[in-house]
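>>> my questions concern the predicted model and sequence given below.
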Amino acid sequence: MTDQDSELTMDTTEVDKWLGVPLGGGQFHDDIHVNDIRRWAQGMQNPNPLHFDRGYAAESCFGRIVAPQSFTVNCTVGHGATPAIQGYIQGTHMLFGGDEWWFYGPRIHPGDSFRSERMLYDYVVKQTSLAGPTMFSRGDTTYVNQRGEIIGKQRSTSIRYFADEAAKRGGDYGDAREDPEWSDQELAELEKQKFEYCRSFLDLGHEKRLFVKVGDRLQTGVIGPHTVASLTTEWRAYAMTVWGATHEEGASSTTRAGWIPEMSRDEEGAKLDPGNADGLYKGPSRGHVQPRYARLIGMPRSYGYGATMGAWILDYLANWAGEHAFVLHSNMKYTGPAHTGDATLLNGEVTELGYDEATGQPIATVKVKMTNQKDTLMASGSAEVLLPAV
């Protein structure tokens, strides 16, 4: 710890008031439409036709289009991160630090509706090179459908830090301010990898994933190179970003958590122009697609969303396992975002096989690593996937 770090402190008095308290926040007005699911698959760059092609889905075990398990995070307001952003701390911003998911069985179909139950779980303050004193807070979101069934629970980690300190430590960012350039040959090779990935699950089709063994490696998943256009498409795939789609219920301090002015929503201005509070045009997500605001909070250029990284991983696991399988649990830590100009590569390996005591079905533990084209680690963790019986 440097002398500079020792002079900085983070007052968490206001955060303590929200620990263990049931939270309010945004809820949706309307049911899920089939085009919400299609838009999600498109925004997450998930080419599995089970989630957008009527003919293909009709021949599946579901008999119709079904949402991917990653869609669960699209059934709340705030990516599931809002319960971990409670309590006022002046001049702070946040990044996603990870997500742990537990899924309980029911799938999401068009016509379903959801409510979110939220609570701040815990937090700890540590010294980091990013910005000195930094809070790692965890919050829980439970997803409940119209029948009262719990679809899943998400424990999201928010990294809260002083934006001006992160910007100061970032300096001028040097070459990192500019997107890397790809040659035609490199892009062609990347496209080849994408097609190989698509074939890996399209060849499985509607069949069961059988005969899995320890040491099996999943086909490399490829997304990108990312652009401002692709990041914007991701953002608009989240139903919460549609003007008028949500309403506020109950008490929550997320919008009053101490955001710097440039990243705050203008709620009064939004009464005239909703773009003033929709997050992307004005608000805490504008740094994702506008480099000048990215640099205000310690990023060299436009960057992707932590919740989307979690969705990529869940899609990657589910596509490999096939439509007869089910992701039971996933625990992933995020160590760096997807920047514009970079590609994202996902790799997985089966590290353990067990069995579900009730059904006798195999459960595969899969270790996942997400990197960019320079092998810089972006995320890692493991998941348990319930596989079909023979």
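The structure has been received and is ready for your questions. Numbers count the residues shown, from 1 in each chain.

>>> output the helix or strand harbouring residue 185 in CSV with nothing but the alpha carbons.
Assigned by DSSP states H and E, residue 185 belongs to helix 184-202. Extracted C-alpha coordinates of helix 184-202, given in CSV (Å, rounded to 0.1, in the frame of the first residue of the first chain):
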residue,chain,number,x,y,z
ASP,A,184,-7.9,-9.4,-43.4
GLN,A,185,-6.1,-12.7,-42.7
GLU,A,186,-6.7,-12.4,-39.0
LEU,A,187,-10.3,-11.6,-39.4
ALA,A,188,-10.8,-14.5,-41.8
GLU,A,189,-9.2,-16.9,-39.2
LEU,A,190,-11.5,-15.5,-36.5
GLU,A,191,-14.5,-16.1,-38.7
LYS,A,192,-13.4,-19.7,-39.3
GLN,A,193,-13.2,-20.2,-35.6
LYS,A,194,-16.7,-18.8,-35.2
PHE,A,195,-18.1,-21.3,-37.8
GLU,A,196,-16.3,-24.2,-36.1
TYR,A,197,-17.9,-23.2,-32.8
CYS,A,198,-21.4,-23.0,-34.4
ARG,A,199,-21.0,-26.4,-36.0
SER,A,200,-20.0,-27.9,-32.7
PHE,A,201,-23.5,-27.4,-31.3
LEU,A,202,-25.5,-27.4,-34.6
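
>>> now for it, which elements pack on it?
strand 221-223, helix 306-321 (3 or more CB pairs under 8 Å, 6 or more residues apart in numbering; DSSP states H and E). Quick note: C-beta positions are derived from backbone N, CA and C, even for glycine.

>>> want to throw those into TSV with mean pLDDT?
Listed next are the helices and strands packed on helix 184-202 as TSV, based on pLDDT from 0 to 100:
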stretch	mean pLDDT
strand 221-223	98
helix 306-321	97
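
>>> now for the ones you listed, which one comes closest to residue 256?
helix 306-321 (21.2 Å; CB to CB).

>>> so where do the strands sit in the stretch 151-300 of the chain?
221-223, 246-249 (DSSP state E, counting those that start in this stretch).

>>> how far away is the closest residue to residue 38 other than its chain neighbours from residue 342?
Counting by CB to CB, 6 or more residues apart in numbering, residue 52 is the residue found nearest to residue 38 once chain neighbours are left out, at 4.3 Å. Per CB to CB, to the nearest Å, residue 52 is found 26 Å from residue 342.

>>> cool, residue 388 as well?
The value you get for residue 388 to residue 342, if CB to CB is used, is 36 Å.

>>> same question for residue 278.
Counting by CB to CB - residue 278 and residue 342 are separated by 26 Å.

>>> need the contact list for the closest residue in space to residue 129 that isn't next to it in sequence.
Once flanking residues are discounted, residue 129 sits nearest to residue 169: 7.2 Å by CB to CB, 6+ apart. Taking CB atoms under 8 Å, 6 or more residues apart in numbering, we find residue 169 in contact with 129, 130, 131, 298.

>>> in the sheet, who's paired with the closest residue to residue 101 other than its chain neighbours?
Of all residues not flanking residue 101 in the chain, residue 330 sits nearest, at 4.6 Å (CB to CB, 6+ apart). Beta-bridge partners recorded for residue 330 (DSSP bridges): residue 101, residue 383.

>>> residue 330 touches residue 313, doesn't it?
Yes: counting by CB atoms under 8 Å, residue 330 touches residue 313, with 6.6 Å between them.

>>> who has more neighbours out of these two?
residue 313 (28 against 24; other CB atoms under 10 Å).

>>> who are the contact partners of the more buried one?
330, 332, 346, 368, 370, 379, 381, 383.

>>> just name the closest of these to residue 136, please.
Looking across these and measuring by CB to CB, the closest to residue 136 is residue 332, at 14.7 Å.

>>> phi first, then psi, for that closest one.
phi -120, psi 140 (degrees, to the nearest 10).

>>> could you do residue 69 as well?
phi -60, psi -30.

>>> 41 is where my numbering starts, stick with that
Sure, I'll start numbering at 41, so the last one becomes residue 109.

>>> circling back to that earlier point, and residue 92 and residue 382? Which one has more around it.
Between residue 92 and residue 382, residue 382 has the larger neighbour count (other CB under 10 Å), namely 25 against 19.

>>> ok, and the closest non-adjacent residue to that one?
Per CB to CB, 6+ apart, closest to residue 382 is residue 412, 4.4 Å.

>>> that neighbour pairs with what?
residue 384.

>>> so what's the residue count around it?
21.

>>> over to residue 283?
Residue 283 has 11 nearby residues by other CB under 10 Å.

>>> which residue packs closest to it, ignoring adjacent ones?
Nearest one to residue 283, counting by CB to CB, 6+ apart, is residue 314 at 4.4 Å.

>>> surely the one you found and residue 281 touch.
No: using CB under 8 Å as the test, residue 314 is too far from residue 281 to be in contact (10.5 Å).

>>> given the helix or strand containing residue 177, what are its sheet partners and their directions?
Using DSSP H and E, residue 177 sits within strand 172-185. Using DSSP bridges, strand 172-185 pairs in its sheet with strand 154-168 (antiparallel), strand 190-202 (antiparallel).

>>> to residue 136, which of the helices and strands packed on helix 224-242 lies closest?
It is, among the helices and strands packed on helix 224-242 and with distance given as CB to CB, helix 346-361, at 2.2 Å.

>>> just checking, which helix or strand of the chain averages the lowest pLDDT?
helix 43-47 (a mean of 56; mean pLDDT, DSSP states H and E).
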